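In: Quick one, structure for this:
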Amino acid sequence: MARSGVASRREIERLVAAGRVTLNGAILTTPAVRVRAEDTLAVDGKVIGAADPARLFLYHKPPGLVTTHRDPGGRPTVFDGLPKGLPRLISVGRLDLNSEGLLLLTNDGELSRALELPATGLPRRYRARARGVIDQARLDDLAEGIDIAGVRYGPITARLDKVKEAAGRNSANLWISVVLTEGKNREVRRVLEHLGLKVNRLIRLAYGPFALGELERGGVQEVDPRVVRELLAPYISPRNLPTGDRASWPPAGRAASDGPERDVRRGAPPQGPYPQASCPRPTNTRRDPHTWRASDAVTPRRGPPRRPR
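Out: Residues are numbered from 1 along each chain as shown. Now for the predicted structure:
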(Lines give C-alpha, C1' and ligand atoms only; values in the text may rest on other atoms or scores of the structure.)
Protein backbone atom coordinates (compact mmCIF):
# COMPACT_ATOMS: atom_id res chain seq x y z
CA MET A 1 0.00 0.00 0.00
CA ALA A 2 2.85 2.38 0.74
CA ARG A 3 4.47 1.59 -2.61
CA SER A 4 1.16 2.30 -4.33
CA GLY A 5 1.14 5.78 -2.85
CA VAL A 6 -1.98 5.24 -0.74
CA ALA A 7 -0.40 6.71 2.37
CA SER A 8 2.66 6.51 4.56
CA ARG A 9 3.30 3.38 6.63
CA ARG A 10 2.02 5.04 9.81
CA GLU A 11 -1.11 6.31 8.08
CA ILE A 12 -1.78 2.83 6.68
CA GLU A 13 -1.52 1.36 10.18
CA ARG A 14 -4.18 3.84 11.30
CA LEU A 15 -6.37 2.93 8.33
CA VAL A 16 -6.14 -0.76 9.24
CA ALA A 17 -6.89 -0.04 12.91
CA ALA A 18 -9.97 1.93 11.82
CA GLY A 19 -11.26 -1.06 9.83
CA ARG A 20 -11.08 0.79 6.51
CA VAL A 21 -8.86 -1.77 4.72
CA THR A 22 -10.16 -5.03 3.27
CA LEU A 23 -8.37 -8.00 1.76
CA ASN A 24 -10.50 -10.13 -0.57
CA GLY A 25 -13.59 -8.57 1.01
CA ALA A 26 -12.61 -9.26 4.64
CA ILE A 27 -11.71 -6.39 6.97
CA LEU A 28 -8.07 -6.48 8.02
CA THR A 29 -7.34 -6.33 11.73
CA THR A 30 -3.54 -6.13 11.46
CA PRO A 31 -1.13 -4.69 8.89
CA ALA A 32 1.15 -7.72 9.29
CA VAL A 33 -0.42 -9.62 6.39
CA ARG A 34 1.27 -10.94 3.27
CA VAL A 35 -0.60 -9.85 0.14
CA ARG A 36 -0.28 -11.97 -2.99
CA ALA A 37 -0.47 -10.71 -6.56
CA GLU A 38 -3.89 -12.29 -7.07
CA ASP A 39 -5.39 -10.78 -3.88
CA THR A 40 -7.77 -7.80 -3.92
CA LEU A 41 -6.82 -5.03 -1.51
CA ALA A 42 -9.13 -2.06 -0.99
CA VAL A 43 -9.39 1.08 1.14
CA ASP A 44 -12.90 2.39 1.83
CA GLY A 45 -14.13 0.07 -0.91
CA LYS A 46 -11.72 1.43 -3.53
CA VAL A 47 -9.50 -1.29 -5.01
CA ILE A 48 -5.79 -0.59 -4.96
CA GLY A 49 -4.12 -1.35 -8.26
CA ALA A 50 -0.55 -2.34 -8.96
CA ALA A 51 2.07 0.05 -7.66
CA ASP A 52 3.04 2.80 -10.09
CA PRO A 53 6.72 3.33 -10.88
CA ALA A 54 8.48 5.47 -8.30
CA ARG A 55 8.41 9.19 -8.98
CA LEU A 56 10.20 11.99 -7.16
CA PHE A 57 9.38 15.71 -7.15
CA LEU A 58 11.16 18.79 -5.85
CA TYR A 59 8.88 21.34 -4.20
CA HIS A 60 9.80 24.81 -2.99
CA LYS A 61 7.84 25.06 0.25
CA PRO A 62 6.98 28.59 1.42
CA PRO A 63 6.64 29.40 5.12
CA GLY A 64 3.17 29.21 6.58
CA LEU A 65 2.27 25.67 5.41
CA VAL A 66 2.19 22.48 7.45
CA THR A 67 3.67 19.30 5.96
CA THR A 68 0.71 17.02 6.39
CA HIS A 69 -2.30 15.93 4.37
CA ARG A 70 -4.77 17.03 7.04
CA ASP A 71 -4.36 19.56 9.82
CA PRO A 72 -6.79 19.38 12.79
CA GLY A 73 -6.37 23.12 13.26
CA GLY A 74 -7.43 23.89 9.71
CA ARG A 75 -4.13 25.45 8.73
CA PRO A 76 -3.14 25.38 5.03
CA THR A 77 -1.05 22.36 4.08
CA VAL A 78 1.63 21.66 1.53
CA PHE A 79 -0.70 19.34 -0.36
CA ASP A 80 -3.75 21.64 -0.50
CA GLY A 81 -2.62 23.69 -3.45
CA LEU A 82 -0.35 21.42 -5.46
CA PRO A 83 -1.04 21.69 -9.20
CA LYS A 84 -3.66 19.39 -10.68
CA GLY A 85 -2.50 16.30 -12.51
CA LEU A 86 0.01 15.13 -9.92
CA PRO A 87 -0.33 11.66 -8.36
CA ARG A 88 -1.02 11.27 -4.67
CA LEU A 89 2.24 12.28 -3.02
CA ILE A 90 3.80 11.98 0.41
CA SER A 91 6.68 13.97 1.76
CA VAL A 92 10.19 12.80 2.49
CA GLY A 93 10.57 14.10 6.01
CA ARG A 94 9.04 17.43 6.95
CA LEU A 95 9.63 21.14 7.18
CA ASP A 96 7.92 22.86 10.08
CA LEU A 97 5.33 25.61 9.69
CA ASN A 98 7.77 28.52 9.53
CA SER A 99 10.54 26.80 7.58
CA GLU A 100 10.91 27.04 3.83
CA GLY A 101 12.90 25.60 0.98
CA LEU A 102 13.33 22.18 -0.58
CA LEU A 103 10.81 19.46 0.23
CA LEU A 104 10.98 16.13 -1.60
CA LEU A 105 7.67 14.53 -2.58
CA THR A 106 7.18 10.99 -3.85
CA ASN A 107 4.44 8.49 -4.67
CA ASP A 108 6.49 5.63 -3.18
CA GLY A 109 6.11 5.13 0.56
CA GLU A 110 9.08 2.78 0.83
CA LEU A 111 11.32 5.30 -0.93
CA SER A 112 10.14 8.05 1.39
CA ARG A 113 10.92 5.94 4.44
CA ALA A 114 14.36 4.94 3.17
CA LEU A 115 15.40 8.53 2.43
CA GLU A 116 14.23 9.69 5.89
CA LEU A 117 16.17 7.13 7.91
CA PRO A 118 19.26 8.50 9.68
CA ALA A 119 21.03 5.23 8.80
CA THR A 120 20.81 6.19 5.12
CA GLY A 121 23.04 9.15 5.89
CA LEU A 122 21.56 11.67 3.45
CA PRO A 123 22.86 15.15 4.30
CA ARG A 124 20.35 17.95 4.74
CA ARG A 125 21.76 21.39 3.99
CA TYR A 126 20.18 24.50 5.54
CA ARG A 127 20.80 28.21 5.79
CA ALA A 128 19.57 29.77 9.01
CA ARG A 129 19.17 33.42 9.94
CA ALA A 130 19.34 33.93 13.67
CA ARG A 131 19.73 36.65 16.25
CA GLY A 132 22.30 36.48 19.00
CA VAL A 133 26.02 36.26 19.52
CA ILE A 134 28.22 33.25 18.72
CA ASP A 135 31.63 32.47 17.29
CA GLN A 136 32.86 29.76 14.93
CA ALA A 137 34.60 27.86 17.72
CA ARG A 138 31.29 27.13 19.47
CA LEU A 139 29.73 26.06 16.19
CA ASP A 140 32.68 23.74 15.56
CA ASP A 141 31.86 21.92 18.81
CA LEU A 142 28.66 20.64 17.16
CA ALA A 143 30.79 18.32 15.04
CA GLU A 144 30.99 16.04 18.09
CA GLY A 145 27.23 15.95 18.56
CA ILE A 146 25.29 17.46 21.45
CA ASP A 147 22.78 16.42 24.16
CA ILE A 148 19.78 18.68 24.72
CA ALA A 149 17.10 17.88 27.30
CA GLY A 150 17.91 14.19 27.14
CA VAL A 151 17.95 14.03 23.34
CA ARG A 152 21.18 13.16 21.56
CA TYR A 153 21.82 14.99 18.30
CA GLY A 154 24.50 13.58 16.04
CA PRO A 155 27.40 15.43 14.38
CA ILE A 156 26.43 18.74 12.76
CA THR A 157 28.56 20.90 10.51
CA ALA A 158 27.85 24.60 11.05
CA ARG A 159 29.60 27.59 9.47
CA LEU A 160 29.15 31.24 10.38
CA ASP A 161 28.62 32.94 7.02
CA LYS A 162 27.65 36.51 7.78
CA VAL A 163 27.31 38.74 10.83
CA LYS A 164 25.49 42.07 10.73
CA GLU A 165 25.87 44.05 13.92
CA ALA A 166 22.56 45.08 15.44
CA ALA A 167 21.81 48.28 17.34
CA GLY A 168 22.40 46.59 20.68
CA ARG A 169 25.82 45.39 21.74
CA ASN A 170 24.62 42.00 22.88
CA SER A 171 23.04 40.71 19.67
CA ALA A 172 23.55 40.52 15.94
CA ASN A 173 21.84 39.15 12.87
CA LEU A 174 23.66 36.01 11.75
CA TRP A 175 23.55 33.73 8.72
CA ILE A 176 24.72 30.20 9.45
CA SER A 177 25.10 27.27 7.03
CA VAL A 178 24.16 23.96 8.64
CA VAL A 179 24.57 20.38 7.38
CA LEU A 180 23.18 17.38 9.28
CA THR A 181 22.19 13.81 8.50
CA GLU A 182 19.69 12.79 11.19
CA GLY A 183 16.86 15.23 10.59
CA LYS A 184 15.23 15.01 14.02
CA ASN A 185 12.14 17.12 14.66
CA ARG A 186 13.07 20.84 14.61
CA GLU A 187 16.71 19.86 14.96
CA VAL A 188 18.31 23.01 13.54
CA ARG A 189 16.14 25.35 15.58
CA ARG A 190 16.60 23.44 18.83
CA VAL A 191 20.36 23.13 18.50
CA LEU A 192 20.90 26.80 17.64
CA GLU A 193 18.49 27.93 20.36
CA HIS A 194 20.46 25.81 22.83
CA LEU A 195 23.48 27.91 21.85
CA GLY A 196 21.60 31.10 22.66
CA LEU A 197 20.44 31.99 19.15
CA LYS A 198 16.90 32.80 18.06
CA VAL A 199 16.23 31.43 14.56
CA ASN A 200 13.94 33.75 12.59
CA ARG A 201 14.34 32.23 9.13
CA LEU A 202 15.26 28.69 8.08
CA ILE A 203 15.74 27.59 4.47
CA ARG A 204 16.52 24.04 3.34
CA LEU A 205 18.80 24.27 0.33
CA ALA A 206 19.39 20.58 -0.36
CA TYR A 207 18.33 17.09 0.65
CA GLY A 208 20.84 14.42 -0.29
CA PRO A 209 21.81 14.82 -3.94
CA PHE A 210 18.90 17.16 -4.72
CA ALA A 211 19.15 20.96 -4.44
CA LEU A 212 16.63 23.78 -4.42
CA GLY A 213 18.54 25.75 -7.04
CA GLU A 214 16.35 28.40 -8.68
CA LEU A 215 13.02 26.63 -8.29
CA GLU A 216 10.54 29.39 -7.53
CA ARG A 217 8.53 29.51 -4.33
CA GLY A 218 5.53 27.20 -4.68
CA GLY A 219 7.02 25.57 -7.79
CA VAL A 220 7.11 21.82 -8.44
CA GLN A 221 9.62 19.97 -10.62
CA GLU A 222 9.78 16.24 -11.29
CA VAL A 223 13.16 14.53 -11.24
CA ASP A 224 13.94 12.70 -14.47
CA PRO A 225 13.39 8.91 -14.25
CA ARG A 226 16.95 8.39 -15.44
CA VAL A 227 18.27 10.41 -12.48
CA VAL A 228 16.02 8.50 -10.07
CA ARG A 229 17.43 5.21 -11.36
CA GLU A 230 21.03 6.41 -11.16
CA LEU A 231 20.83 7.91 -7.67
CA LEU A 232 18.11 6.03 -5.83
CA ALA A 233 18.05 2.48 -7.24
CA PRO A 234 19.29 0.99 -3.92
CA TYR A 235 16.15 2.30 -2.19
CA ILE A 236 13.49 1.31 -4.73
CA SER A 237 12.06 -2.13 -5.38
CA PRO A 238 13.28 -3.31 -8.81
CA ARG A 239 9.71 -3.73 -10.02
CA ASN A 240 8.99 -0.09 -9.13
CA LEU A 241 11.98 1.48 -10.87
CA PRO A 242 10.85 4.11 -13.38
CA THR A 243 11.58 3.78 -17.08
CA GLY A 244 12.39 6.37 -19.71
CA ASP A 245 14.69 9.37 -19.53
CA ARG A 246 12.43 12.41 -19.33
CA ALA A 247 10.03 13.44 -16.61
CA SER A 248 6.36 13.83 -17.50
CA TRP A 249 5.85 16.83 -15.23
CA PRO A 250 5.35 19.66 -15.92
CA PRO A 251 3.27 18.88 -19.02
CA ALA A 252 4.47 20.30 -22.32
CA GLY A 253 3.90 24.03 -22.44
CA ARG A 254 3.79 24.48 -18.68
CA ALA A 255 6.80 25.85 -16.84
CA ALA A 256 8.09 24.28 -13.65
CA SER A 257 7.40 27.57 -11.84
CA ASP A 258 3.70 27.61 -12.76
CA GLY A 259 2.77 26.22 -9.34
CA PRO A 260 0.66 28.42 -7.06
CA GLU A 261 2.22 31.16 -4.96
CA ARG A 262 2.02 29.54 -1.52
CA ASP A 263 3.42 32.23 0.79
CA VAL A 264 0.60 33.07 3.19
CA ARG A 265 2.53 35.60 5.27
CA ARG A 266 2.49 39.34 4.81
CA GLY A 267 5.77 41.04 4.10
CA ALA A 268 7.51 37.78 3.23
CA PRO A 269 11.21 38.13 2.37
CA PRO A 270 12.15 37.91 -1.29
CA GLN A 271 12.37 34.40 -2.66
CA GLY A 272 15.45 32.71 -4.25
CA PRO A 273 17.45 32.04 -6.17
CA TYR A 274 19.37 30.38 -3.38
CA PRO A 275 22.90 29.05 -3.61
CA GLN A 276 23.10 25.60 -5.13
CA ALA A 277 24.45 23.04 -2.72
CA SER A 278 26.89 20.24 -3.39
CA CYS A 279 25.94 17.01 -1.64
CA PRO A 280 27.13 13.42 -1.75
CA ARG A 281 25.00 10.85 -3.52
CA PRO A 282 24.70 7.08 -3.29
CA THR A 283 26.59 4.93 -5.69
CA ASN A 284 24.34 2.84 -7.89
CA THR A 285 25.00 -0.48 -6.21
CA ARG A 286 22.80 -2.86 -4.28
CA ARG A 287 25.66 -4.53 -2.47
CA ASP A 288 26.47 -1.46 -0.41
CA PRO A 289 23.68 1.12 -0.61
CA HIS A 290 25.33 3.34 2.01
CA THR A 291 28.53 3.91 0.04
CA TRP A 292 28.85 7.50 -1.12
CA ARG A 293 30.91 9.52 -3.52
CA ALA A 294 31.19 13.28 -3.88
CA SER A 295 29.11 14.79 -6.65
CA ASP A 296 27.34 17.98 -7.60
CA ALA A 297 23.78 18.24 -6.45
CA VAL A 298 20.93 17.63 -8.85
CA THR A 299 19.06 20.88 -9.44
CA PRO A 300 15.72 21.39 -11.14
CA ARG A 301 15.49 22.39 -14.77
CA ARG A 302 13.87 25.65 -15.72
CA GLY A 303 10.90 25.38 -18.07
CA PRO A 304 9.17 22.34 -19.56
CA PRO A 305 11.06 19.10 -20.24
CA ARG A 306 12.80 18.89 -23.58
CA ARG A 307 11.28 16.59 -26.12
CA PRO A 308 13.42 13.62 -27.18
CA ARG A 309 14.89 13.93 -30.64
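
In: Run through the bridge partners of Ala128.
Out: Beta-bridge pairing of Ala128 under DSSP bridges involves Ile176, Leu202.

In: What of the one 4 residues further on?
Out: When bridges are assigned using DSSP bridges, the partners listed for Gly132 are Ala172.

In: Give the burial count for it, as a bare number.
Out: The tally of other residues near Gly132 (other C-beta atoms under 10 Å) stands at 17. In short, each C-beta sits where N, CA and C put it, glycine included.

In: how about it, what does it touch?
Out: By C-beta atoms under 8 Å, 6 or more residues apart in numbering, Gly132 lies in contact with 171-172, 174, 195-198.

In: which stretches of the stretch 101-250 of the chain form helices?
Out: Along the stretch 101-250 of the chain, the stretches classed as helices by DSSP state H, counting those that start in this stretch are 109-116, 136-140, 187-194, 225-232.

In: Following the record's annotation, map out the domains of this structure.
Out: Domain assignment for the chain by automatic domain parsing gives 1-50, 53-120+208-293, 124-207.

In: now the first one, how far from the centre of its chain.
Out: Okay, so that is domain 1-50. 25 Å (C-alpha atoms, centre = their mean, to the nearest Å).

In: rewinding a little: can you redo the contacts of Gly132 as CSV, where the extra columns are distance to Arg88, pLDDT and neighbour count?
Out: Listed next are these as CSV, based on distance: C-beta to C-beta, whole Å; pLDDT from 0 to 100; neighbours: other C-beta atoms under 10 Å:
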residue, distance to Arg88, pLDDT, neighbour count
Ser171, 45, 65, 16
Ala172, 45, 78, 18
Leu174, 40, 91, 22
Leu195, 40, 96, 18
Gly196, 43, 95, 13
Leu197, 38, 95, 23
Lys198, 37, 95, 13
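
In: from those, which is closest to Asp44?
Out: Of all the contacts of Gly132, Lys198 has the smallest distance to Asp44: 45.0 Å, by C-beta to C-beta.

In: And the residue lying closest to that closest one once chain neighbours are set aside, what's its pLDDT?
Out: Once flanking residues are discounted, Lys198 sits nearest to Arg131: 4.7 Å by C-beta to C-beta, 6 or more residues apart in numbering. Note on Arg131: pLDDT of 93.

In: Arg131 touches Asn200, doesn't it?
Out: Yes. The criterion here is C-beta atoms under 8 Å, and Arg131 meets it with Asn200 at 6.2 Å.

In: So these two - more neighbours on which side?
Out: For Arg131 versus Asn200, neighbours defined as other C-beta under 10 Å are more numerous around Arg131 (15 against 11).

In: Tell me how far the more buried one lies from His69.
Out: Going from Arg131 to His69 by C-beta to C-beta, to the nearest Å gives 34 Å.

In: Same question for Gly121.
Out: Shown here: Gly121 relative to His69, a distance of 28 Å by C-beta to C-beta.

In: Over to Pro87?
Out: According to C-beta to C-beta, Pro87 and His69 sit 14 Å apart.

In: what about those two, which has more around it?
Out: Comparing Pro87 with His69 by neighbour count (other C-beta under 10 Å), the higher total belongs to His69, at 16 against 12.

In: Near the residue nearest to that one when sequence neighbours are not counted, how many other residues are there?
Out: Closest residue to His69 apart from its sequence neighbours, by C-beta to C-beta, 6+ apart: Phe79 at 5.4 Å. Using other C-beta under 10 Å, Phe79 is surrounded by 19 other residues.

In: Same check on Ser91?
Out: Here the count is done by other C-beta under 10 Å, and Ser91 has 20 residues near it.

In: Next, the contact list for it, please.
Out: Ser91 neighbours (C-beta under 8 Å, 6+ apart): 67, 78, 103-105, 112.
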